[in-house]
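Colleague: coords please:
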Amino acid sequence: QCYSTLRGFGFILRLSPFTLKELCRSLATDRVTPLVDEIHTSILVLLQLSPPMTEEDSGPVVQHSDGVEQYLVTVAVGELVKDPSWRFLDTLTWQDFLSRYLIARNTFELEDMDVAKFLANGEHCTLPLEIKVEILRFLCD
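Modeller: Numbering: from 1, shown residues only. Have a look, this model is predicted:
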């Protein structure tokens with residue numbers, strides 16, 4: 001499903017052509033791959049350019065910790081993607097932006113695991129394959 005979506009919108013996303021085998025191999029590895037970086041960066045750029053503006057995209061109250069104190073903040077996806085820091089989105093920084101986007105959406109949990117926080121604590125390539133696929137499916141939907 002993700003593959004056909006990515007291939008169908010590859011021109012709009014400005015993705016280089018790739019095969020299903022290359023996608024599967026890139027997701028299955030525990031190393032950083034240019035294809036996974038390119039796919040996620042392209043999708044996030046598109047989301048940033050045209051954010052969904054529905055009521056369900058209003059984020060919840062999110063708890064953050066800066067090491068000294070914890071504070072609560074309400075995040076809306078529309079406000080998140082208008083943040084000027086998104087101009088720094090690239091193949092090296094996309095994981096941080098993905099984590100922030102998933103937290104803002106607060107619709108992403110997999111088997112009682114907070115995927116956004118799991119992603120924030122590690123590199124995407126070290127995540128289990130099932131979580132990588134679920135993240136990609138979520139973004140493609």
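Colleague: CA only for contacts and neighbour counts going forward, please
Modeller: Noted.
Colleague: lowest confidence element among the helices and strands of the protein?
Modeller: strand 70-76 (a mean of 40; mean pLDDT, DSSP states H and E).
Colleague: run through the helices of this protein in chain order.
Modeller: Secondary structure of the chain (DSSP state H): helices at 2-8, 10-13, 20-28, 34-49, 77-81, 94-105, 115-120, 129-140.
Colleague: and residue 96, how far from residue 25?
Modeller: Counting by C-alpha to C-alpha, to the nearest Å, the gap from residue 96 to residue 25 is 23 Å.
Colleague: so which of the helices of the chain comes closest to residue 88?
Modeller: Set against residue 88 and scored by C-alpha to C-alpha, these come closest in helix 94-105, at 8.9 Å.
Colleague: report the rounded mean pLDDT for the closest one.
Modeller: Helix 94-105 shows a mean pLDDT of 80.
Colleague: phi, psi for residue 29 please.
Modeller: Here is the backbone geometry of residue 29 (degrees, to the nearest 10): phi -80, psi 160.
Colleague: and it, how many residues sit next to it?
Modeller: Counted with other C-alpha atoms under 10 Å, residues neighbouring residue 29 total 14.
Colleague: identify the residues contacting the residue lying closest to it once chain neighbours are set aside.
Modeller: What sits nearest to residue 29 in space, not counting adjacent residues and going by C-alpha to C-alpha, 6 or more residues apart in numbering, is residue 125, at 6.9 Å. By C-alpha atoms under 8 Å, 6 or more residues apart in numbering, residue 125 lies in contact with 27, 29-32.
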